[in-house]
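Chemist: Would you be able to build a 3D model of this:
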Amino acid sequence: MNNFLKILEEKSHILADGATGTNLFAMGLETGDPPEPWNIEYQDRIRSLHQGFVDAGSDLFLTNSFGGTSYRLKLHNLEDRVFELNKAAATIAREVADHADRLVVVAGSMGPTGEMIEPHGLMTPSEATDAFKAQAEGLAEGGADVLWLETMYSMEELEAALEAVKGVGLPVCATMSFDTAGKTMMGVTPSNLAKRSKDLNLAGFGANCGIGAPDLLATINDIFKNVEPNTVVISKANCGIPEFVDGDIVYSGTEELMSEYVQIAMNSGAKIIGGCCGTTFDHVRAMRKAMDEHVVSFPPTLEEIEQKIGVMSEGSKSIFKGDDSRPTKARRSRRIRA
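Modeler: Next up is the predicted model:
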């Protein structure tokens, strides 16, 4: 049986990893440089990244391949190395997972291309599909257990990616990134994603990145209200809010905050829970303890989330209350997962 499907059967809740970029910056990655070449040039550092999360208690971790499509790699003149860099990413991850003393799942990270599909941009759906297909084939060849489409913001690009991975033969999960308006930058709401999920044939779906944990929890609650029982809902929140401190980006989330977040995410219906930008090994270690000690209870109230995690944006409050009519303005983004 596929490792991802196996762990879904074995565990009521699954702890994912934390940030890739945040931890690689601490290892020497320079701002603006792509992390994917490190899968060849600094394999020991990538191995250390994955091992750190496994040692902290992660049941599942993502490969270092978020920007692994030709469109993202082209920004660094690496577009002819898509298969090589993605295969290397999954190979390193596979080695770490296979040496663990328990079942650990390798999720092949696939981020957005950074381009917009027509009519909003110049990229055609077939071009997007070709880009994702080349990446998916490399990740599968390297040994990924599941393909993990993350930080998506448009249904068109998500659909192109899903078309690309059909022939790869692996389960697929997808997470979208929602902003303070409670929508992605292309206007997709959590309930939109939930209602479309049946047609998308996803093994799991949910939200990652965005703003902070309170807003993401509003998203997860809205998703869970619009799905069938036993749906695999994914929650990967940023570790607080980013701040500039002495020229560096520092996330405000503490180990205590991320522990509270895990338990509220469990109460909100999430099965796979992890961190995104700013989440370190120490945060994940605290999250492991919090998950193991928690008994799932009633869904949280807005007041409970704000008291324990922090204040939600007005847009997220509306989403939490079931009102997704607030407008949002489309904007272009080339954000990388930190």
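
Chemist: Break down the stretch 101-250 of the chain into its helices, ranges please.
Modeler: 125-142, 155-164, 190-200, 213-224 (DSSP state H, counting those that start in this stretch).

Chemist: which of these is buried the deepest?
Modeler: For the helices of the stretch 101-250 of the chain, average neighbour numbers computed from mean count of other C-beta atoms under 10 Å are highest in helix 213-224, which has a mean of 28. Every residue, glycine included, has its C-beta placed from N, CA and C.

Chemist: just checking, what packs against that helix?
Modeler: The helices and strands touching helix 213-224, judged by 3 or more C-beta pairs under 8 Å, 6 or more residues apart in numbering; DSSP states H and E, are helix 190-200, strand 204-209, strand 233-237, helix 255-267, helix 302-308, helix 314-320.

Chemist: Turn the ones you listed into CSV, columns for distance to E141 and mean pLDDT.
Modeler: Rendered in CSV, the data for the helices and strands packed on helix 213-224 read as follows (distance: least, C-beta to C-beta, whole Å; pLDDT from 0 to 100):
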stretch, distance to E141, mean pLDDT
helix 190-200, 24, 93
strand 204-209, 23, 97
strand 233-237, 25, 98
helix 255-267, 33, 98
helix 302-308, 42, 96
helix 314-320, 39, 93
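
Chemist: I'd like to know which of these lies nearest to L78.
Modeler: Ranking those by distance to L78, with C-beta to C-beta as the measure, places strand 204-209 first at 23.3 Å.

Chemist: Okay, now the sheet partners of the closest one, with direction.
Modeler: Here strand 204-209 has these sheet partners by DSSP bridges: strand 172-176 (parallel), strand 233-237 (parallel).

Chemist: okay, the angle between the last one and helix 190-200?
Modeler: Which is strand 233-237. Angle between the axes of strand 233-237 and helix 190-200 is 130 degrees (criterion: axes from the mean of the first three to the mean of the last three C-alpha atoms, to 10 degrees).

Chemist: Which residues outside strand 233-237 are in contact with it?
Modeler: Residues outside strand 233-237 that contact it (C-beta atoms under 8 Å, 6 or more residues apart in numbering): 16, 150, 173, 175, 204-210, 212-213, 216-217, 220, 223-224, 227, 261, 265, 268-276.

Chemist: Distance from the chain centre to it, please.
Modeler: 7 Å (C-alpha atoms, centre = their mean, to the nearest Å).

Chemist: Using JSON lines, lay out the helices and strands packed on helix 213-224 together with distance to A56.
Modeler: Listed next are the helices and strands packed on helix 213-224 as JSON lines, based on distance: least, C-beta to C-beta, whole Å:
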{"stretch": "helix 190-200", "distance to A56": "28"}
{"stretch": "strand 204-209", "distance to A56": "18"}
{"stretch": "strand 233-237", "distance to A56": "15"}
{"stretch": "helix 255-267", "distance to A56": "11"}
{"stretch": "helix 302-308", "distance to A56": "22"}
{"stretch": "helix 314-320", "distance to A56": "28"}
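
Chemist: Please identify the deepest-packed of these.
Modeler: Between these, strand 233-237 has the highest mean count of neighbours, a mean of 29, where neighbours are mean count of other C-beta under 10 Å.

Chemist: between that strand and helix 213-224, how big is the angle?
Modeler: Orientation note: strand 233-237 sits at an angle of 170 degrees relative to helix 213-224 (the same axes, to 10 degrees).

Chemist: send the alpha carbons of strand 233-237 over as PDB?
Modeler: Output in PDB follows, covering the C-alpha atoms of strand 233-237 (Å, rounded to 0.1, in the frame of the first residue of the first chain):
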ATOM      1  CA  VAL A 233      -8.600  18.400   5.700                       C
ATOM      2  CA  ILE A 234      -5.100  20.000   5.800                       C
ATOM      3  CA  SER A 235      -4.000  22.900   7.900                       C
ATOM      4  CA  LYS A 236      -0.500  24.500   7.600                       C
ATOM      5  CA  ALA A 237      -0.400  27.900   9.200                       C
END
